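Q: next input, structure requested:
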Amino acid sequence: MSQYMNNVTTGTDCVSGFVRAEGQRIVNGEGVPFLLRGVGLGSWLLPEGYMWRMPEAADRPRRMEAMVRSLLGTDGASRFWETYWDRFITEKDVERIASEGFNSLRVPINARYLTGTDASSDMAESRLQRIDRLLEWCKTHRVYAILDLHGTPGGQTGTNIDDSAHDRPDLFTESENQDHTVQIWRSLAQRYKDEWIVAGFDLLNEPLPEWFSRYNDRVMPLYRRITQAIREVDRRHMIILEGVHWATDWSIFTDLGDDNVMLQFHKYWNNPDRESLTPYLEARDRLNVPIFMGEGGENNTDWYTGAFRLFEDLNISWNFWTWKKLDTTNSPASIRLPAGWNEVVAYADGGGGDRPAVAPPALECARTALADFLDNLPLQRCDYHDDVVRSLFRRPPLRIPAIFYAFQDRGRGYDLARNDRDTDAGTRAATEATPTAKHAPHDTSEIEFRAGDGTEFGYVTGHQPEAGAPNFQHNGGEPWAPEEWLYLQLNPGSWAAYDFAVAGNEEQQLHVGVRLACGAQSDAPTVTITIDRPAHEITVPVTAQQTDFSDYWVQMSAEPGLRRVVIRSDTALIQLEAVYVTIGGGGGTTFAPYGVTDSDSAS
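A: This next block holds a predicted model:
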């Protein structure tokens, strides 16, 4: 268990009073340190085309609005959007978010949602009341809210995600847009200055991709100007600042200009390891501020299992992207795809009526599909993927890829046995044995992952890709291909730790499984599986052939809370592919106390 986790609260119990930065931590109104564990409400107040499975012609709010207006007419479109906003997020969503253990949510807002126009900072009262209702639900269910200006007047990125009109970051080129943005934030701060349930103000989402980096020097002056306007009316709320280039480049941060600031980065489709976060960890130390992974997701559950444990082990608050999408498997809530939705897509792709390419019967089908889409928006009509949430919190039933052992220093999250001090003569001989060619580990310089740990990895199929980082780009939640799976090599005496969460108030009966192969010949090889509370240790004979990865299961018990299972290789070089944890009988399957089971039993 990480040192930080021993001193913080992470559930909804921490939701109490104004959040503030205190050195490198955030604390609640009672001064209790905690981590934000949240989820984003993407596509609600700033609809995103990809979350509707739309083509580029309808990839942002203004294009989606044009498509809906062309299909339904002005009055029909107005009714459509009011219904959409009222159904997409309701109290049922907030209640479920809280019950899952999230303690916060991030609310992406389009400035045009607030104002109804590109050329004003005057906000519509009816639009603000929708946010007011959300905050009341958050207070009822004890979930902090972060207000995120995801799309500014003129656009801060110049892409679809900020509802850009001209694919330019006109926020940074036209002073009028900056004036409107400053005033919007001042008005929001004035309205919500006494709302403790608002954890902070996220000033600009992902400003300036790299191809617009010529404007990077304009970001901090605008941040300071917005912060000053907020502080004129609100001294208590935390300010949240994102770096440039999709929030990943923090070179702009020097003097932050305020003493209640948290810095935010985003993380998608790359290595979940400490090395990938080095710039943010160094900035935390240098600037003495808390840091926040404010968007990460759009991957598969195996990646989630690694990435979100990484954040917690390194004391980083996090927010998963995103809560709800159309026809998805990698968000918790999946809106059911209406019959005829392909006609809506075709209509949008044909120019939304500007270039008539859809026959009248298909138009009627598209209109019906839009109505069915609205009916499918409420959470109770969605398909729910609890495996996504389980992977974020590491709750059983669970598969943890072996490469995602604890992200802590040697001796705390893992240990190696490679020298006379760590191994006796017998285990040294096994360590030095020649591995089979099929599963020979790669040189750590070839696999660019967790390089600082000194551990060794290989590909379970013996696949020999080009040197470099593993492939973690599975944007639609696609599972890893067999040739993408890595194993962790454990030499005799080496061990690796895996944390997971046990829910409830009583001790639970678990089945813990390991998928492994022997990497070299050894007499009577064994691995030892240990759980921390209650302390329990079982030694398992490994009977698999060298070239076979097989599953071994043991029955154990665990107390509620964050638990740790340790896998140690005793007498052989072991190649560990995955660790499984299930409750009771393993999801309806009965396992022997230990031994080889069918290789697909927990995959």
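Q: other SSEs contacting whatever helix or strand residue 221 lives in?
A: Residue 221 is located in helix 219-231, with elements delineated by DSSP states H and E. With contacts defined as 3 or more C-beta pairs under 8 Å, 6 or more residues apart in numbering; DSSP states H and E, helix 219-231 has these neighbours: helix 175-192, strand 238-242. (C-beta placed from N, C-alpha, C; glycine too.)
Q: how about the ones you listed, which one is nearest residue 157?
A: strand 238-242 (10.8 Å; C-beta to C-beta).
Q: C-terminal to the closest one, what's the next element?
A: helix 244-247.
Q: who are the packing partners of that following helix?
A: Right, helix 244-247 is packed against strand 261-267 by 3+ C-beta pairs under 8 Å, 6+ apart.
Q: identify the residues contacting the helix holding residue 221?
A: 171-172, 178, 181-183, 185-186, 189, 201, 203-204, 207-208, 237, 239, 241, 244, 252-254, 257-258 (C-beta atoms under 8 Å, 6 or more residues apart in numbering).
Q: now that helix: buried residues?
A: 219-220, 222-223, 225-227, 229-231 (16 or more other C-beta atoms under 10 Å).
Q: and if you look at stretch 515-527?
A: 515-520, 522, 525, 527.
Q: and it, end to end?
A: End-to-end distance for stretch 515-527: 11 Å, by C-alpha to C-alpha, to the nearest Å.
Q: can you pull out the helices in the stretch 451-600 of the chain?
A: Applying DSSP state H, counting those that start in this stretch to the stretch 451-600 of the chain gives no helices.
Q: about what we covered before: any quick ChimeraX command for the buried ones out of the contacts of helix 219-231?
A: The buried residues among those can be selected in ChimeraX (16+ other C-beta under 10 Å) with this line:
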select :171,172,178,181,182,183,185,186,189,201,203,204,207,208,237,239,241,244,252,253,257,258
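Q: can I get the buried residues of helix 219-231 in CSV with pLDDT?
A: Below are these laid out as CSV (pLDDT from 0 to 100):
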residue, pLDDT
219, 98
220, 98
222, 98
223, 98
225, 98
226, 98
227, 98
229, 98
230, 98
231, 98
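Q: in those residues, find the pair that's most separated.
A: Across the buried residues of helix 219-231 (C-beta to C-beta), the longest gap, 18.4 Å, separates 219 and 231.
Q: state the helix or strand in which residue 328 lies.
A: Residue 328 belongs to no helix or strand, assigned by DSSP H and E.
Q: neighbours around the closest residue to it other than its chain neighbours, how many?
A: Setting aside the residues directly before and after it, residue 328 is nearest to residue 334 in space (C-beta to C-beta, 6 or more residues apart in numbering), at 4.7 Å. Number of residues near residue 334 (other C-beta atoms under 10 Å) recorded here: 19.
Q: which strands or helices does the one helix or strand residue 334 maps to pack on?
A: Residue 334 is part of strand 333-335 when elements are defined by DSSP H and E. Identification of packing neighbours for strand 333-335 by 3+ C-beta pairs under 8 Å, 6+ apart yields strand 324-326, strand 383-384.
Q: save the ones you listed as CSV, and put in mean pLDDT and distance to residue 505 too.
A: Converted to CSV, these look like this (pLDDT from 0 to 100; distance: least, C-beta to C-beta, whole Å):
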stretch, mean pLDDT, distance to residue 505
strand 324-326, 98, 30
strand 383-384, 98, 24
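Q: out of these, nearest to residue 79?
A: Going by C-beta to C-beta, the one of those nearest residue 79 is strand 324-326, 20.1 Å.
Q: buried set for the closest one?
A: Going by 16+ other C-beta under 10 Å, strand 324-326 has these buried residues: 324-326.
Q: is it true that residue 30 touches residue 18?
A: No. Using C-beta atoms under 8 Å, residue 30 is not in contact with residue 18; the gap is 10.2 Å.
Q: which one's more surrounded, the two?
A: Neighbours were counted for residue 30 and for residue 18 using other C-beta under 10 Å; residue 18 has more, 19 against 9.
Q: does the more buried one count as helix, strand or coil?
A: coil (DSSP: H, G, I helix; E, B strand; the rest coil).
Q: now residue 51
A: helix.
Q: didn't it look like it was pressed against residue 327?
A: No. Counting by C-beta under 8 Å, residue 51 sits too far from residue 327 to count as a contact (9.7 Å).
Q: quick revisit: for residue 305, which of the helices and strands packed on strand 333-335 is the nearest?
A: strand 383-384 (18.6 Å).
Q: touching the closest one from outside, list them.
A: 332-334, 336.
Q: point out where the protein drops to low pLDDT.
A: For the chain, the stretches flagged by pLDDT under 70 are 1-10, 351-361, 418-445, 467, 520-521, 544-547, 585-603.
Q: how does it divide into domains?
A: The chain breaks down into these domains under automatic domain parsing: 4-393, 398-597.
Q: tell me which of those sits most buried.
A: domain 4-393 (a mean of 19; mean count of other C-beta atoms under 10 Å).
Q: distance from that one to the middle of the chain?
A: 13 Å (C-alpha atoms, centre = their mean, to the nearest Å).
Q: now residue 207. Nearest residue, chain neighbours left out?
A: residue 156 is the one closest to residue 207 (C-beta to C-beta, 6+ apart), at 4.3 Å.
Q: shouldn't that neighbour be in contact with residue 209?
A: No. Here residue 156 lies out of contact with residue 209, judged by C-beta under 8 Å, at a distance of 10.1 Å.
Q: so which of the buried residues of helix 219-231 is the closest to residue 451?
A: residue 219 (31.4 Å).
Q: now do the contacts for residue 245.
A: Contact analysis of residue 245 by C-beta under 8 Å, 6+ apart lists 208-210, 213.
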